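Chemist: got a predicted structure here, sequence first:
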Amino acid sequence: MSFLAHSANSHGASEPLAIHLSHVAARAREYADAFGADSEAYLAGLLHDLGKYSNLFQRRLRNEEHGIDHWSAGAWHALMQYENAGLPAALAIQGHHVGLQECAVDALRNLDPKTPPERLPTPLRRLADAESLEALLDRIRSDGLEAPATLESSLCHKGDLSAEFMLNTRMLFSALVDSDFIETEAHFEGHADGTRNYRAEGSSLTPERALELVVRHIEGLSQRSDLAPAMKDVRSDLLAACMKASELPPGLFTLTAPTGSGKTLAMLAFALAHAARHRLRRVVTVIPYLSIIEQTAAIYRDILSRELGDDFVLEVHSLANTVPHDEDADPRPDVAESDGQRRRNALAENWDAPLVITTSVQCLESLFANRPSACRKLHRLAKSVILFDEVQTLPNSQIIPTLATLSHLVHRFGASIVFATATQPAFSSLHEEVSKFATSGWRPVEIVPADLRLFERTRRTRIKWPSEDEKMTWTELARRLVEHPQVLCVVNKKRHARELYEALSSLQVEGLCHLSTNMCPAHRRDVLRAVNQRLRDNLPCRLISTQCVEAGVDIDFPVVYRAFGPLDAIAQAAGRCNRHGRTREGMVEVFVPDVADANPYPDGTYRQAASVARAFLTERGGSLDLNDPSDLIKYYQKLYPFRQADTELMNAVKERTFVATAHQYRVIEHDAINVVVCYDSVRFEALKNEANEVGLTRAWVARARGHAVSLFRPKDSDPVRSRIDPVRLRSHDESGDWFVYICEEHYRQDIGLVPPSDECLIA
């Protein structure tokens, strides 16, 4: 009997199972060679579809059966034949369709083909009564394939800590499932004679040439810039420090540099020089906010893509590349997409590009995921440079397993990781806690030498702190802001921004602007463009904003007011004051708003950090120097004991339960939806009509993302339900994540979405 792996492709060509297994095994071995697990990956590839040698599964291919488990047989053989050494391969094989499961003994015992059906966690059938695991092994041998008699594991040792073991398993899993995806796709896209048709692979990193382009761009900026000479010197020194540090061996690094010092391009230069010296494979830049991602991606493309190709820089995040789909279905291209966009979508599935720009959500949640589609890109991180920008935004409650996993990615998989920010968290003080999950702990090397005194040299603001009981009403604050022709005021909540904006509007203030994430990205970009133009033309400009202006936004006001909050947030706001050093000294005033809110902060974590900041300020006599990094380090050290650790996540990691870990690990706590709003009426009508006529497509998402705001996922009883229409998939099912806000009048051209009740608005 000829055993098949898949049904026939569109040309009628079937795929022999032995061909599929040998191709997947060879590709998985190639992927895992980067981290020294080639033999385990080859084994996983050989055994992953062992259950397809059953007559039961062959009847499934003829549509005579359904609901067949074809993965447990290979997983059980790996476990029985190789014992502890085969555990990562067994888990990877078991999970290549259903996701990584549990490492508990009882769960692993259920892989045994002899397990009674009533004990199984799912109703899927495995082997027919007349067959056995031995029969499947005889059939794979008859096809000329045979697993080795012994296996020496590089991924599983008795002393492995939980985060180490879980990342080791995910990396092997990634190599297996990506190989399986690629080979299955090549069959279904193949030809009538059975030859396979592979997707075009991404280009390789050419770090030397890319570095030349980046350095040339930085030099051109310096010549054209109107920066003060002192700031130009700081940027030059920072770049030199990054270039020198690039010679260090791969490892963990921090890059602590003041705002406006050219950190974004300097750390890219470090990454490229470091990759060139140590033959690393790619650069991954991880950024917390979509607004910064688009800005950074545009800069990278402007520098690199013209010479190195459109696919050299790949932007990857939920709105750019993800559309709901069935992981096991035969993927069909979106007819509305261009060939170039289809190729970029394919490359984004497994991060097959030299320079990837992605979000903290995409990167970190993938490192803790269990599903094949989320994990398949992880093997690309081995021997890569990973740049984390604005690291002060990392989720505090999940920081211990996060640091442990990233540290092990460096220690075991040859990556280099850089944590960059102007307000560097004191994560090194958590070394002992991190060491309980990964033996390497957290001991980074700072890229910028202390003797450069970057913060002291960029001291360009004076900060006025509020006294213990000093509060300010919106009316009083509005009168204070009017006194300054150019001023930025940052508050803690969207509702506060709206109330202060209305107070200033009543005074008929010239040059009044508003910024918050109740405004869609296109709206925010237009506001920032207008603000920067007014600042350049020396026209009146008063900007009322939430924290969305504090990270990665290049904006320069002579005066900044900041509502009291976490110390790092105040420091980030101060970084928008006299940013380019054009005046001798900018003025930053911190105030406490007099509001009736039971909670004047967005959430409990933010409130706790603000409370610690207040206690630290009192302890230091009512004044702090935000130009002294040691003050921020002491603040973070005081904050960490109050950290609300996610105990359910910590327990899931300790117990090596992949399903629970994936469920618990969330960079963004609240479940949100995307809602297209009427900022640009012409674009809104076009998007609404296309959604109704065609449904959700990647191309539609690409056009809609700049015209959408995020809302809390509403309950059925919430009033907002009557104001939003779901965007449907082509199957006419609801996408669940995309909606159109049908009450166009609720979107204001000055402050964004203002529904009659704001229970759905994210604070």
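Modeler: Arrived safely, thanks for sending. Numbers count the residues shown, from 1 in each chain.
Chemist: where exactly do the strands run in the stretch 201-350 of the chain?
Modeler: In the stretch 201-350 of the chain, strands defined by DSSP state E, counting those that start in this stretch lie at 252-256, 283-287, 313-316, listed in chain order.
Chemist: right, and these - which one's nearest Asp180?
Modeler: If you check each of the strands of the stretch 201-350 of the chain against Asp180 by CB to CB, strand 313-316 wins as the nearest, at 20.7 Å. The C-beta positions use only the backbone N, C-alpha and C, and glycine is treated the same way.
Chemist: give me the sheet partners of the closest one and which way each runs.
Modeler: strand 355-359 (parallel) (DSSP bridges).
Chemist: ok, the residue found closest to Ile292 once you drop the neighbours it is linked to in the chain - contacts?
Modeler: Once flanking residues are discounted, Ile292 sits nearest to Gly552: 3.4 Å by CB to CB, 6 or more residues apart in numbering. The contact partners of Gly552, taken as CB atoms under 8 Å, 6 or more residues apart in numbering, are 264, 287, 289, 291-292, 295-296, 389-390.
Chemist: one step back: ok, of the strands of the stretch 201-350 of the chain, where does mean pLDDT dip lowest?
Modeler: Per-stretch mean pLDDT for the strands of the stretch 201-350 of the chain is lowest at strand 313-316 (a mean of 92).
Chemist: return the distance of stretch 571-586 from the chain's centre.
Modeler: Offset of stretch 571-586 from its chain centre (CA atoms, centre = their mean, to the nearest Å): 29 Å.
Chemist: where is the longest strand in this protein?
Modeler: strand 734-741 (DSSP state E).
Chemist: buried sites along it?
Modeler: Within strand 734-741, the residues scored as buried using 16 or more other CB atoms under 10 Å are 735, 737-741.
Chemist: which stretches in the stretch 451-600 of the chain count as strands?
Modeler: Ranges of strands in the stretch 451-600 of the chain, per DSSP E, counting those that start in this stretch, are 461-464, 486-490, 512-515, 541-545, 559-563, 586-591.
Chemist: for Leu136, report the pLDDT, please.
Modeler: Model confidence at Leu136, expressed as pLDDT, equals 96.
Chemist: ditto for Asp631
Modeler: Asp631 is assigned a pLDDT of 89 by the prediction.
Chemist: one more: the one 4 residues further on?
Modeler: In the prediction, the pLDDT value recorded for Tyr635 is 93.
Chemist: does it fall in a helix, a strand, or a coil region?
Modeler: helix (DSSP: H, G, I helix; E, B strand; the rest coil).
Chemist: that older thread, mind putting the buried residues of strand 734-741 into a markdown table with pLDDT and distance to Leu17?
Modeler: Below are the buried residues of strand 734-741 laid out as a markdown table (pLDDT from 0 to 100; distance: CB to CB, whole Å):
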| residue | pLDDT | distance to Leu17 |
| --- | --- | --- |
| Ser735 | 73 | 36 |
| Asp737 | 88 | 37 |
| Trp738 | 94 | 39 |
| Phe739 | 95 | 44 |
| Val740 | 96 | 46 |
| Tyr741 | 96 | 50 |
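Chemist: nearest to Met472, of these?
Modeler: For the buried residues of strand 734-741, the minimum distance to Met472 (CB to CB) is 34.1 Å, reached by Tyr741.
Chemist: of the contacts of Gly552, which is the nearest to Arg480?
Modeler: Ranked by distance to Arg480 (CB to CB), those are led by Ser291 at 28.3 Å.
Chemist: which residues touch the residue nearest to the closest one when sequence neighbours are not counted?
Modeler: Leaving aside its sequence neighbours, Ser291 sits nearest to Pro521 (CB to CB, 6+ apart; 6.2 Å). The contact partners of Pro521, by CB under 8 Å, 6+ apart, come to 290-291, 294, 705-708.
Chemist: so which of these sits lowest on pLDDT?
Modeler: In terms of pLDDT, the lowest of the contacts of Pro521 is Ser291, showing 72.
Chemist: against Ser735, how distant is Ala691?
Modeler: As judged by CB to CB, to the nearest Å, Ala691 and Ser735 stand 10 Å apart.
Chemist: between those two, what contacts are shared?
Modeler: With CB under 8 Å, 6+ apart as the test, Ala691 and Ser735 both reach 727-728.
Chemist: can you list the domains in the protein?
Modeler: Segmentation of the chain into domains, based on automatic domain parsing, reads 4-188, 460-626, 672-753.
Chemist: just the helices in the stretch 201-350 of the chain please.
Modeler: Under the criterion DSSP state H, counting those that start in this stretch, helices of the stretch 201-350 of the chain are mapped to 207-224, 229-245, 263-278, 290-308, 318-321, 339-349.
Chemist: in TSV, list the ones you listed along with mean neighbour count.
Modeler: Converted to TSV, those look like this (neighbours: other CB atoms under 10 Å):
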stretch	mean neighbour count
helix 207-224	16
helix 229-245	18
helix 263-278	24
helix 290-308	18
helix 318-321	20
helix 339-349	17
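Chemist: worst mean pLDDT among the ones you listed?
Modeler: Looking at those, the bottom one is helix 318-321 with a mean of 56.
Chemist: sorry, back to before: which one of the domains of the chain lies nearest to Ala382?
Modeler: domain 4-188 (4.3 Å).
Chemist: how about the helices of the stretch 201-350 of the chain, which one is nearest His431?
Modeler: helix 229-245 (20.8 Å).
Chemist: helices or strands up against the helix or strand encompassing Arg27?
Modeler: For Arg27, the host element (DSSP states H and E) is helix 17-32. For helix 17-32, the elements it packs on are strand 4-6, helix 38-47, helix 162-188, judged by 3 or more CB pairs under 8 Å, 6 or more residues apart in numbering; DSSP states H and E.
Chemist: how about the residue nearest to Thr546 when sequence neighbours are not counted, phi and psi?
Modeler: Once flanking residues are discounted, Thr546 sits nearest to Ser516: 4.4 Å by CB to CB, 6+ apart. With angles defined as degrees, to the nearest 10, Ser516 sits at phi -160, psi 170.
Chemist: all helices of the stretch 601-750 of the chain, in order?
Modeler: Ranges of helices in the stretch 601-750 of the chain, per DSSP H, counting those that start in this stretch, are 604-619, 629-639, 647-654, 658-664, 681-693, 698-704.
Chemist: what does the fifth one contact?
Modeler: Defining contact as CB under 8 Å, 6+ apart, one finds that helix 681-693 is touched by 522, 676-678, 700, 703-704, 707, 725, 727-728, 738, 740, 744.
Chemist: try 10 Å this time
Modeler: Helix 681-693 is contacted from outside by 336, 520, 522, 676-678, 680, 696-697, 699-700, 703-704, 706-708, 725-728, 735, 738-742, 744, 747, using CB atoms under 10 Å, 6 or more residues apart in numbering.
Chemist: what of stretch 124-134?
Modeler: Applying CB under 10 Å, 6+ apart, the contact partners of stretch 124-134 are 50-51, 53-57, 59-60, 65-74, 76-77, 80, 97-98, 111-115, 117, 120, 135-136, 138-139.
Chemist: repeat that with 6 Å
Modeler: Here stretch 124-134 makes contact (CB atoms under 6 Å, 6 or more residues apart in numbering) with 54-56, 67-69, 72-73, 113.
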